[in-house]
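> need a structure here:
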Amino acid sequence: MADEATDGRRRATAAAAKPTSRVRMSAAQRREQLIAIGRQVFAERGFDATSIEEVASRAKVSKPVVYEHFGGKEGLYAVVVDREVRALLDRITTALTAGHPRELLEQAALTLLTYIEEETSGFRVLVRESPLMSATGNFSSVMNDVGHQVEHILAAEFSSRGYDPKLAELYSQALVGMVALTGRWWLEVRKPRKETVAAHLVNLAWNGLSHLEAEPGLITRKRA
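Have a look, this model is predicted:
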């Protein structure tokens, strides 16, 4: 029995001493890993305070590996922002399916709040303005794209009601701006619930201050 115990200890010691083999990532896998880590660091620190050294350290690679994939911090940041811009715009575009303008506003508000809830790091990256990025590569550009979609919807609605369709652009920017700024505020406070926030946004936009509902609800949720 003593010999068996001794042999067991020897085998355990030998196994512990044997170096473990690390699975080598492909170039594509490494790139995706660096993008994910960069997204997190940019969200936490912003562009200026982020360093290639920290990204490389978290990825457990050397700095030249990061430079090889992105050319530097600016290149990594541009990729991260571009992905978030497309992800958020795709979500909102897909969500705008209702025919009634009030429901479209509900869908836009809920989609943005859901994105903030589920992709907090990505949203933080987008709302941090960077001097390196032009107006075509940040949160403002996403909201401008959404505003143009809303503008077309409002123009048709204005025409059918006898209002000047030229004012649709003004109203679309006002509506989208209201939702976007509220989303940035909700990013930090996270209360009340996103459905409640969306309902109150639509309440103000649809009914106006003079006809606010005491306890607004979402048409979309009532039908679900």
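> flag every buried residue along stretch 154-163.
Burial within stretch 154-163, assessed by neighbour count using 16 or more other CB atoms under 10 Å, is assigned to L154, A155, E157, F158. In short, each C-beta sits where N, CA and C put it, glycine included.
> so what's the second one up against?
Counting by CB atoms under 8 Å, 6 or more residues apart in numbering, A155 makes contact with P165, A168.
> and it, what element?
According to DSSP states H and E, A155 maps onto helix 139-161.
> only C-alpha atoms, please: export that helix in PDB.
Output of helix 139-161 as PDB, limited to C-alpha atoms (Å, rounded to 0.1, in the frame of the first residue of the first chain):
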ATOM      1  CA  PHE A 139     -23.100  58.200 -31.700                       C
ATOM      2  CA  SER A 140     -24.200  61.400 -33.400                       C
ATOM      3  CA  SER A 141     -23.900  59.800 -36.800                       C
ATOM      4  CA  VAL A 142     -26.100  56.900 -35.700                       C
ATOM      5  CA  MET A 143     -28.800  59.300 -34.400                       C
ATOM      6  CA  ASN A 144     -28.600  61.400 -37.600                       C
ATOM      7  CA  ASP A 145     -29.200  58.200 -39.600                       C
ATOM      8  CA  VAL A 146     -32.200  57.300 -37.400                       C
ATOM      9  CA  GLY A 147     -33.400  60.900 -37.700                       C
ATOM     10  CA  HIS A 148     -33.500  60.700 -41.500                       C
ATOM     11  CA  GLN A 149     -35.600  57.500 -41.300                       C
ATOM     12  CA  VAL A 150     -38.000  59.200 -38.900                       C
ATOM     13  CA  GLU A 151     -38.100  62.300 -41.100                       C
ATOM     14  CA  HIS A 152     -39.500  60.300 -44.100                       C
ATOM     15  CA  ILE A 153     -42.200  58.800 -41.800                       C
ATOM     16  CA  LEU A 154     -43.200  62.200 -40.400                       C
ATOM     17  CA  ALA A 155     -43.200  63.800 -43.800                       C
ATOM     18  CA  ALA A 156     -45.900  61.400 -45.000                       C
ATOM     19  CA  GLU A 157     -47.800  61.800 -41.800                       C
ATOM     20  CA  PHE A 158     -47.700  65.600 -42.000                       C
ATOM     21  CA  SER A 159     -48.900  65.600 -45.600                       C
ATOM     22  CA  SER A 160     -51.800  63.400 -44.800                       C
ATOM     23  CA  ARG A 161     -52.900  65.700 -42.000                       C
END
